[in-house]
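**Q** Could you look at this predicted model? Sequence included:
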Amino acid sequence: MRKLVVNMAFGLIYYLPSWLWLDKLCTKVVIWKSNGKWPNTNRPKTFSDICTKINFEQINGLRSIICNKFYLRYYVTATIGPKFLLPLIDHIQSMADYHKLCEANFEPCVLKPAHGSGAVFFANSIQELKSKECQEFCTQMLKLKYDRLSKQITYGTFERSIIVEKNMGTIDGRTISDYKIHCFHGIPTIVQHDEGRFQNHTQTFYDPSWQHLDVNVLAGVKSSPSLEKKPSCLEAIIDTARNLSKGLDYVRVDLYAINESIYVGEMTSFPWGGKYGFKPSKFDRDLAKLYNESMSTEDFFSNWPK
């Protein structure tokens, strides 16, 4: 009973007024509940601290552009060119736009809220696109105030909308290789390889030369039982992340490798909402030193992998 009351109390946090000082306090409380540590945003000591600091100190400017999947496309085009973008089928800003899409020539597509993270709907047939489930997804996403729900204010900078991109993978997208590059001060540092995000999810970490890192983040998400062979396009993946992360003290650049072509999925300023850090804890602390520039990149790489 006590646990239920505590969880209900924490749930009310997401419905409090949108005042910056209150958002900061509530976010710190949620993170403290998640990992048992109060965030230090003056001089981050953990990966979670880094994400929390960025969340509340870099609200406007480039951060607000790259966190929105639609406007990110403009940044990618201006920085490295349009060939790195997945083909855009439509940009839904209202349910009227959704109904127009249902009447247009169909091609397999993926629907994602431009103003949020994590939600996705695969429509591999016109029946799926017109389904009740897809209609409900669009209705909910257009109403979703992700900035309020997540306490990640930059997501509320632009209007709520849904991007519709061509599905470049199989029926559930599983053939797409998903690489998430953690970059510190414009230097690609960790390659996170996710497989089976929607089924049998594995998450494996490597350094930029594809040496396996024996680290993890999410409880219950294991490394791949068999390490993947070094991608032939790894150099292009690293170069793409480096070019996109210039000028940012930290960002995770999410890329897809499809038939040797590189596509940008999103750029994430605060992975996992800042709720989680890397294990072992020394690795997590070294990342904070790298962010604070109290440890050189060379020293960091000499420590890992162990």
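**A** It's in. Quick caveat, the model's predicted, so the values are computed rather than measured.

**Q** wouldn't residue 269 be in contact with residue 56 here?
**A** No: the pair residue 269 and residue 56 fails to qualify as a contact (CB atoms under 8 Å) at a distance of 11.2 Å. (Each C-beta comes from the backbone N, C-alpha and C, glycine too.)

**Q** which residues sit in contact with the residue sitting nearest the centre point of the chain?
**A** Closest residue to the average C-alpha location of the chain: residue 268 at 4.2 Å, with CA atoms, centre = their mean. Going by CB atoms under 8 Å, 6 or more residues apart in numbering, residue 268 touches 67, 117, 180, 251, 252, 254.

**Q** Recalculate using a threshold of 6 Å.
**A** Residue 268 is in contact with residue 252, counting by CB atoms under 6 Å, 6 or more residues apart in numbering.

**Q** Same question for the one 5 residues further on.
**A** By CB under 6 Å, 6+ apart, residue 273 lies in contact with residue 150.

**Q** mind checking the SS state of it?
**A** Secondary structure, DSSP: H, G, I helix; E, B strand; the rest coil: residue 273 is helix.

**Q** try residue 119
**A** Under three-state DSSP, residue 119 comes out as coil.

**Q** With adjacent residues omitted, what lies nearest to it?
**A** Nearest residue to residue 119, sequence neighbours excluded (CB to CB, 6 or more residues apart in numbering): residue 113, at 5.5 Å.

**Q** can you count the residues close to that neighbour?
**A** Counted with other CB atoms under 10 Å, the neighbours of residue 113 add up to 26.

**Q** Need the contact partners of the helix or strand where residue 141 lies.
**A** Residue 141 belongs to helix 132-143 when assigned by DSSP states H and E. Contact partners of helix 132-143, identified using CB under 6 Å, 6+ apart, comprise 98, 113, 121, 123, 160, 162.

**Q** Tell me where the model's unsure across this structure.
**A** 1-21, 170-175, 196-200, 218-226, 305-306 (pLDDT under 70).

**Q** ok, which stretches of it are strands?
**A** Secondary structure of the chain, counting by DSSP state E: strands at 88-92, 109-113, 121-123, 162-166, 177-184, 187-195, 202-206, 212-213, 250-258, 261-268.

**Q** Let's have these in TSV, adding distance to residue 298.
**A** Shown next, in TSV, are these (distance: least, CB to CB, whole Å):
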stretch	distance to residue 298
strand 88-92	40
strand 109-113	38
strand 121-123	43
strand 162-166	39
strand 177-184	13
strand 187-195	11
strand 202-206	18
strand 212-213	17
strand 250-258	18
strand 261-268	26
